[in-house]
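# my questions are about this predicted structure, shown below with the sequence.
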Amino acid sequence: MEYLEIIVGIIALAIAIWALNLQRREIIKNGRINALIHASQMIQDKIDFHSKIIDDIEKNKTNKSSGGHKSRINKELRPLKNKIDMEFIDLAAKYNGVLHENEIREALKPSK
């Protein structure tokens, strides 16, 4: 009878360790997802900021050129945002969190 109590205790300890490990992995996964979402939003804010500058320059027809802003948006920010969005889709799909994964991937592919 004494051995039975020890065995039950060991099984309970093993289950508790397993549950803690699952929680730890879930916290890490959620942290990565939140970081990707936040980074994507920050880059989108930068794109919007540069787009507003371009609109202001073109609306006011000043002597300033908007080429540098357009170049930064098209060559730096949009490809980086696309990479982050794809990484998010990969991570979410890994945990069956995306219903229409292929359609989303196709829509996010940059046009050449």
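Sure thing, it's come through.
# tell me the mean pLDDT over the helix or strand hosting Tyr3?
According to DSSP states H and E, Tyr3 maps onto helix 2-60. When pLDDT is averaged over helix 2-60, the result is 93.
# who are the packing partners of the helix or strand following that helix?
Following helix 2-60 in sequence order, the next helix or strand is helix 67-72 (DSSP H and E). Applying 3 or more CB pairs under 8 Å, 6 or more residues apart in numbering; DSSP states H and E, one finds that helix 67-72 contacts helix 2-60. Quick note: C-beta positions are derived from backbone N, CA and C, even for glycine.
# gap between the helix it packs on and the chain center?
Mean C-alpha position of helix 2-60 versus that of the full chain (CA atoms, centre = their mean, to the nearest Å) differs by 9 Å.
# setting aside sequence neighbours, what's the nearest residue to the residue nearest in space to the middle of the chain?
Residue closest to the average C-alpha location in the chain (CA atoms, centre = their mean): Leu36, at 2.6 Å. Distance criterion CB to CB, 6 or more residues apart in numbering; nearest residue to Leu36, sequence neighbours excluded, is Phe88 at 4.3 Å.
# buried sites along the helix or strand hosting that neighbour?
Taking DSSP H and E as the definition, Phe88 sits inside helix 78-94. In terms of neighbour count (16 or more other CB atoms under 10 Å), helix 78-94 has its buried residues at 81, 84-85, 88-89, 92.
# stretch 37-51 now?
So stretch 37-51, judged by 16+ other CB under 10 Å, has buried residues 39-40, 43, 46-47, 50.
# one more: stretch 68-79?
Quick answer for stretch 68-79 (16+ other CB under 10 Å): 69, 73, 77.
# isn't the second one up against Ser51?
When you say that, I think you mean Ile73. Yes. Applying CB atoms under 8 Å as the test, Ile73 and Ser51 come out as touching, 6.8 Å apart.
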